[in-house]
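Engineer: Based on what follows, work out the 3D shape:
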Amino acid sequence: MHTQPLRHLAMRWLFVLFAMFSIAACASGPEVVDHAFSFDTRVDNQNDVEVLDYRYGDSKLPVRAAEENVKAGKQFMVAGVHGPMLRGSFLYVKWRIKTTGQVYEDTVDLRNRLPADITDCRIHFLVRGPQLYVYLITPKKRAKDEPPNGPEMYDYKKTLTIYPDQVKP
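Structural biologist: Numbering: from 1, shown residues only. Below is the predicted model:
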């Protein structure tokens, strides 16, 4: 007769422990933030560049070139993703210069380059010859006395160059 209340109590404790472990796992997992990732070789006047592969963060979707397209040798001219997604810890880009055929690739560690809060920000890259440039486009408007920085289509926004490193005076 007394086994029923003990079993019920044990089940409650198991449920509480399961809930606590589930919460801990979520808290220690990757951070999901509402932000954007993009590039556009057409609008950014990168007519001499073919993006061969790219990957923002560890997830395979939605911010990674489709593996079958990379294997098939397809080029990517534009990508844009906006919404709740994993905060990327790195950005990988592989590209070719059309006129020379030279292939370059670069991996940028974003962990210490991005601010703590990237909510509503956009991570955007462009390529100029052998150099990859990565920008953080904030939701704030650029001050009128501040010169534009980064991609022209976002020149009205406050934009920070996060790669390559800027020489500090």
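Engineer: Select the longest strand from this structure.
Structural biologist: When the chain is scanned for its longest strand (criterion: DSSP state E), the result is strand 131-141.
Engineer: Tell me the helix or strand right after that one.
Structural biologist: Note on strand 131-141: by DSSP states H and E, the next helix or strand toward the C-terminus is strand 157-163.
Engineer: returning to that earlier point: the longest strand of the chain pairs with which strands?
Structural biologist: When sheet partners are counted by DSSP bridges, strand 131-141 sits next to strand 122-128 (antiparallel), strand 157-163 (antiparallel).
Engineer: Reformat these into JSON lines and put mean pLDDT next to each item.
Structural biologist: As requested, the strands paired with strand 131-141 are exported to JSON lines (pLDDT from 0 to 100):
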{"stretch": "strand 122-128", "mean pLDDT": "96"}
{"stretch": "strand 157-163", "mean pLDDT": "96"}
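Engineer: Format those as a markdown table; extra columns: mean neighbour count and distance to A116.
Structural biologist: Every residue, glycine included, has its C-beta placed from N, CA and C. A markdown table is the format used below for the strands paired with strand 131-141 (neighbours: other Cβ atoms under 10 Å; distance: least, Cβ to Cβ, whole Å):
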| stretch | mean neighbour count | distance to A116 |
| --- | --- | --- |
| strand 122-128 | 22 | 15 |
| strand 157-163 | 18 | 14 |
